[in-house]
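Novice: The sequence and its predicted three-dimensional model are supplied below.
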Amino acid sequence: MKKLSALILALVAQVSFADQATTDATAAQLLDPVKAAELAKDPKAAVAAMTNLMDPATSIALAQMSMNPATYTKMVQAGMSPDVLKAYATFADPAVSMKWLAASMDPNFYMAAMAPMLNPNMYAKWLAAPLDPRVLNLMMSGLNPNLYTQWATAPLAPANVNLMMAPLNPNLYTQWAGAAAAPATYGTWGAFMNPATYGNIANPFAGFIPAVPAAK
């Protein structure tokens, strides 16, 4: 638990004054169904995401990405990938619950979550946000004809055409079936699905029977 506390505090110290690259990365992660699940598995990652979400730069980045049709293409692509099953099935892993249980008993975890609210710099950023050039550009983007051209041509983009044809690909369902049957998909619980786990159960005396040397 002490190790978790140190990691959380160190992380908050790094992200309290998050730079543009960090906030952009957080926004992109939140818009990816697979990567967003990773935030909920680790208290340290969740605190970092909450801290970055309190920064107006993350909201600006989310707004900018939401106006790009390619963002939704990537979201649907990720949603159709069997990686989604792998990302969310591991929530049943007791190791994930134990991480959050340890964090829930750690006062430093709550202090780390409250740190952005106690940071005057964060409120100063929100007060200055309306005058941020990125916000002004965002408001003016509605007057940019290229924005409407991107949306009008989006259905003909090769990525979107491939996406619409994906349900006709039998390989997609094979990949989903493979991911659903793979014990690794379910983390610790996957051991119950792994036949190797029950290797010695069929013959409980197998461990006491000496191996017969192979004939030469």
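Specialist: Thanks, I have the structure now.

Novice: just checking, what packs against the host helix or strand of residue 172?
Specialist: Assigned by DSSP states H and E, residue 172 falls within helix 170-181. Where contact means 3 or more CB pairs under 8 Å, 6 or more residues apart in numbering; DSSP states H and E, helix 170-181 is packed against helix 83-89. Bear in mind the C-beta positions are built from the backbone N, C-alpha and C, glycine included.

Novice: export the helix it packs on as CSV, just CAs?
Specialist: The C-alpha trace of helix 83-89 is given here as CSV (Å, rounded to 0.1, in the frame of the first residue of the first chain):
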residue,chain,number,x,y,z
ASP,A,83,-9.6,-6.3,-28.1
VAL,A,84,-12.7,-4.7,-26.6
LEU,A,85,-13.6,-8.1,-25.1
LYS,A,86,-10.1,-8.6,-23.7
ALA,A,87,-10.2,-5.1,-22.2
TYR,A,88,-13.5,-5.4,-20.4
ALA,A,89,-13.4,-9.1,-19.5
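
Novice: now the very next helix or strand once past it: how far from the chain's centre is it?
Specialist: Remark: after helix 83-89, the chain's next helix or strand is helix 94-104, criterion DSSP H and E. Taking CA atoms, centre = their mean, to the nearest Å, one finds the center of helix 94-104 at 17 Å from the center of the full chain.

Novice: OK, contacts around residue 72?
Specialist: Going by CB atoms under 8 Å, 6 or more residues apart in numbering, residue 72 touches no other residue.

Novice: roughly how far apart are it and residue 163?
Specialist: Noted for residue 72: a distance of 10 Å to residue 163, by CB to CB, to the nearest Å.
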